[in-house]
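Participant: heads up, no residue letters with this:
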């Protein structure tokens, strides 16, 4: 820790009230606006009623916002220190799903905690960001430049990815892999290693294929080619495109989306909530929402580049990437740009885990902003 | 050093964060391009698809126009018909419901299997499936009582076409039947279950007008096909009602008289009929006993109804009061759905019940053509009215002999006498002097050789031969002998009964080019037809000849001469040869028609007008292979004309026919 920094901030971190003043209120306002749009969309999905989704979603958002504030206001070094334990717990939950998970939606993704049904794989998206930020924070550039030290973070990624892949939930596994790859990239891992990993992955496809059960193969094939199942996901996408296209430039108007109101649009309150929104508000409404999400990601980039510690930088940028992946995959899916992966759009889609995951990511960003000038040593004790 | 390391890491991170940001920017751009493509470029397309999803167009059928006769009697009308359908989704157990229905519907068998199959195949489980159609009010009443206990059952009232005059008027009304694939057009009404389309007659000719324009209603449906709400869009227009010039009662009588021919008619359940039934079974009877009557021949055996045609036409306006063709068939049977067996019987019947012989039958006009030859001869000045031609029973041309129907000849006859006695030699002589060209010209002026444009499908043109026609058709030159037999309406000459009655009408109305019509149209009534350019005195001679052919001392239609009808008829008989009479037959004495097999007998033909002194109605009666025109066709024509005039007077038709007391100037003739 440099003396200069110590003089500026003092050895003690600022208290919560001081931090509240330095909060990034612009970001918070954008998130609240997105959540309001989400509630309106679910109000429309419920045929113009707060029941059964909109009210529940509003309550969950309140909880999520509180969680985000909590994460933002605790000392960032606490996040750093708890990264490995949180990761371990989440991994345990993923394993638990293997054994105790409810059979839901054809894949073992849920674990019932009584109040909420938790989807540990979803949670793993942000936990992965946190643990990798923690890990790379502790590595020197020289170690990052070598191969052997990278094997441990690689294992941190591949173990949960493998488990989630086995559930089977290829979409989430691929997204976690993608987010983790971004972390490796930002941490400064040499580009040729990415190429190498890519080559190895492509090469191992036939090997993995051989170990899969028939039903798993079937599932992967349907994922890659929805046309194989025209009454399943193919029907979903067709109806989604009709809803979007018929919305036109300015939409059919609030509560006027015929595709969703007459139930042609499946999963209108969850994965296809964006479609419902864009049917009623048109291209203009869709662009407005995309700009709001883009601003969130832009905030993450700016915060990340301005933060004083590698941990905060990686945390903010990783959280931003998580948000970006959510939005891109969901909107790409409902517009038929990429295959159906069953990914929700946070705050818009009805669903607790995605909301919590998203709000944790927001918490990470705000935390990195609030603690932008807090220096953190390579290891946990330093700077605390 | 650690700081330097951190600074280096920070530089790398910033560089890579910017790269990442750019990548995110590009990918977001891809999303926006995609959204723009869907929501702006392809928006119209998707809007259409969305509306297809949202709305079902329900075609609301309108009632088919009724067809009535000139007195307002229904010829083709609509009757209520009940249909039971089932909505599979609403039933508790489809199989059980169908079983219940089977027990309730006593009078009709129905098959549950297709209903179950159709219910299983249908994606839209809310679409009603027709279980049984065409139920009586009584059956429906039984079901209606039980309906509350059978959810999913729907009782629908449909309309069914009914033809009160059945087979007597079928060749005018035509019939409707289920739409065939080739008849499907843009009109969605044709695609409705239970849709009917006119297949022949007026029903076919005025199909579009009678069908009307179906209404359309938009129904908002959800993804499983449930109706959410109805939006009325277009009201349809009912089919136009048509009033025909036909007199249904006359039509029915004409049809009956035709079927009877010269036979004795008894009720079907009379003792004589039953005795005859025991004696023989004719396969043709099945379709012919529609009137509840059967024909018995002289020996008391069953005789099939005669096949033939009869037309009555107003000679001034062209209004057709009767247009019968026998045998007919029951149009109501087609509407219900004909069994293949009945259909084959109709097609294989040698008396062709499916053909409207009045407009589509081709026959040589025979002696009824002779007035046309007279007018051609007078117009071309090849003969004078009083010039006598000596008939020795035949005429020689080269090596051939052309025989008169009278074995020893009529002696010297002038034009009126030739018409009265139908002397063939006289007309051979006129034809020889004229040549075929002038005869053909005059024939065309009287309506032969082309369709007359009556409002029925399938009218045929007949044939007026000529030198060029023969060269084109057979590559041979015209023979003078062919001219001779054309002079008596035989040979290549072919005409429909409609053309023959039109000829008669034009002769009697002062040679105006009247054409037959079936639709009663007040405006068209005042239209006067153009003149054919025949001098009045020529017409007068011919009409006197025709009066004498019925009322003269040597009249060929003498069989009706002495009937007390209250008016007189002028007309012309025809016994149309359908075979060549051999020299041997001539030596041994002419064979009587009754001794020949039916299909070698002459066609019996009569054309006439009444009342003779102030002609109003023309008729043509043709009995296929009926024998002598004078003794078979003329009596039927007399009955028909008598009925026509009686009906006209009784109905107080605007034009009252004065019943003539006097015969026309008989002294002029002698």
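Facilitator: Structure received. Just so it is clear, the structure is predicted and the values come from calculations on it, not from any experiment.

Participant: quick one: the strands in the stretch 501-650 of chain B?
Facilitator: For the stretch 501-650 of chain B, the strands defined by DSSP state E, counting those that start in this stretch cover B:570-576, B:603-610, B:617-623.

Participant: What of the stretch 1-150 of chain A?
Facilitator: With strands called from DSSP E, counting those that start in this stretch, the stretch 1-150 of chain A shows them at A:102-104, A:107-112, A:117-118.

Participant: Least confident of these, on average?
Facilitator: Mean pLDDT is lowest for strand A:102-104 among these, at a mean of 50.

Participant: Next up, the contacts around residue A:203.
Facilitator: Going by Cβ atoms under 8 Å, 6 or more residues apart in numbering or on different chains, residue A:203 touches no other residue. (Glycine included, C-beta is placed from N, CA and C.)

Participant: Secondary structure of it: a helix, I assume?
Facilitator: Yes - per DSSP: H, G, I helix; E, B strand; the rest coil, residue A:203 lies within a helix segment.

Participant: out of everything not next to it in sequence, what's closest to the residue in the stretch 201-350 of chain A that chain B sits nearest to?
Facilitator: Nearest to chain B, among the residues of the stretch 201-350 of chain A, is residue A:245, at 2.3 Å (Cβ to the nearest Cβ). Nearest residue to residue A:245 in three dimensions, chain neighbours excluded: residue B:46, at 2.3 Å (Cβ to Cβ, 6 or more residues apart in numbering or on different chains).

Participant: Count the neighbours of the one you found for me.
Facilitator: 21 (other Cβ atoms under 10 Å in any protein chain shown).

Participant: does it really touch residue B:38, like I thought?
Facilitator: Yes - between residue B:46 and residue B:38 there is a contact under Cβ atoms under 8 Å: 6.8 Å.

Participant: thinking again about what came up before, from residue B:600, how far off is the residue of the stretch 201-350 of chain A closest to chain B?
Facilitator: According to Cβ to Cβ, to the nearest Å, residue A:245 stands 77 Å off from residue B:600.

Participant: Have a look at those two and say which one is more surrounded.
Facilitator: For the pair residue A:245 and residue B:600, the greater number of neighbours falls to residue A:245 (27 against 13), based on other Cβ under 10 Å.

Participant: The more buried one should be in a strand, yeah?
Facilitator: No - read with three-state DSSP, residue A:245 is helix and lies in no strand.

Participant: quick one, what contacts it?
Facilitator: Applying Cβ under 8 Å, 6+ apart, we find residue A:245 in contact with B:38, B:39, B:42, B:43, B:45, B:46, B:47, B:49, B:50.

Participant: hmm, back to that, which one of the strands of the stretch 501-650 of chain B lies nearest to residue B:111?
Facilitator: Evaluated over the strands of the stretch 501-650 of chain B, closeness to residue B:111 peaks at strand B:617-623, with 45.5 Å, by Cβ to Cβ.

Participant: Would you mind naming the helix or strand containing the residue nearest to residue A:245?
Facilitator: Secondary structure from DSSP states H and E places residue B:46 in helix B:43-54.

Participant: helices and strands of chain B: which one has the lowest mean pLDDT?
Facilitator: None of the helices or strands of chain B scores lower by mean pLDDT, DSSP states H and E than helix B:666-669, at a mean of 38.

Participant: hang on, I meant chain A
Facilitator: Per mean pLDDT, DSSP H and E, helix A:3-9 ranks last in chain A, at a mean of 44.

Participant: helices or strands next to the host helix or strand of residue B:96 in the packing?
Facilitator: For residue B:96, the enclosing helix or strand under DSSP H and E is helix B:94-104. With contacts taken as 3 or more Cβ pairs under 8 Å, 6 or more residues apart in numbering or on different chains; DSSP states H and E, helix B:94-104 sits against strand B:74-86, helix B:112-121, strand B:129-135, helix B:137-146.

Participant: Between helix B:94-104 and the shortest one, find me the angle.
Facilitator: Just to be clear, that refers to strand B:129-135. Calculated by axes from the mean of the first three to the mean of the last three Cα atoms, to 10 degrees, strand B:129-135 forms an angle of 10 degrees with helix B:94-104.

Participant: Counting neighbours, which bits of strand B:129-135 end up buried?
Facilitator: By neighbour count with 16 or more other Cβ atoms under 10 Å in any protein chain shown, strand B:129-135 contains the buried residues B:129, B:130, B:131, B:132, B:133, B:135.

Participant: Please identify which of those residues is nearest to residue B:317.
Facilitator: Lowest distance from residue B:317 to these (Cβ to Cβ) belongs to residue B:133, with 42.6 Å.

Participant: buried set for stretch B:142-150?
Facilitator: B:143, B:147, B:150.

Participant: Residue B:99 and residue B:116: what is the separation?
Facilitator: Separation of residue B:99 from residue B:116 (Cβ to Cβ): 11 Å.

Participant: If you could redo that for residue B:402, that was the one I meant.
Facilitator: Distance, residue B:402 to residue B:116, by Cβ to Cβ: 74 Å.

Participant: Repeat that for residue B:610.
Facilitator: Counting by Cβ to Cβ, the separation of residue B:610 from residue B:116 is 64 Å.

Participant: Just want to know which of those two has more residues nearby.
Facilitator: residue B:610 (31 against 15).

Participant: contacting residues for the more buried one?
Facilitator: Residues in contact with residue B:610 (Cβ under 8 Å, 6+ apart) are B:565, B:567, B:568, B:569, B:570, B:616, B:617, B:619, B:641, B:642, B:644, B:645.

Participant: From residue B:17, how far out is residue A:304?
Facilitator: Applying Cβ to Cβ, the value for residue A:304 to residue B:17 is 6 Å.

Participant: Look at the two and report which has more neighbours.
Facilitator: A direct count of neighbours by other Cβ under 10 Å for residue A:304 and residue B:17 places residue A:304 higher, at 28 against 25.

Participant: what do residue A:304 and residue B:17 both touch?
Facilitator: Counting by Cβ under 8 Å, 6+ apart, the common neighbours of residue A:304 and residue B:17 are residue A:317.

Participant: Can you get me a residue count around residue A:192?
Facilitator: 8.

Participant: Oops, could you answer that again for residue B:334 instead?
Facilitator: Counted with other Cβ under 10 Å, the neighbours of residue B:334 add up to 23.

Participant: which stretch of helix or strand covers it?
Facilitator: Assigned by DSSP H and E, residue B:334 falls within helix B:331-336.

Participant: Give the buried residues for the following helix or strand past that helix.
Facilitator: Downstream of helix B:331-336, the first helix or strand assigned by DSSP H and E is helix B:340-348. Buried residues in helix B:340-348, counted by 16+ other Cβ under 10 Å: B:342, B:345, B:346.

Participant: tell me the contacts of residue B:248?
Facilitator: B:69, B:71, B:73, B:75, B:165, B:169.

Participant: ok, those vs residue A:360, which is closest?
Facilitator: Among the contacts of residue B:248, residue B:75 lies closest to residue A:360 (Cβ to Cβ), at 84.2 Å.

Participant: Check which residues of stretch B:423-440 are buried.
Facilitator: For stretch B:423-440, a neighbour-count test (16+ other Cβ under 10 Å) marks B:423-436, B:438-440 as buried.

Participant: mind checking the end-to-end distance for stretch A:261-274?
Facilitator: 14 Å (Cα to Cα, to the nearest Å).

Participant: rounded to a whole number, what's the mean pLDDT of that stretch?
Facilitator: 83.

Participant: what about that stretch, near chain B?
Facilitator: Yes - Stretch A:261-274 lies within reach of chain B by Cβ under 8 Å from any Cβ of the partner chain, at A:262, A:263, A:264.
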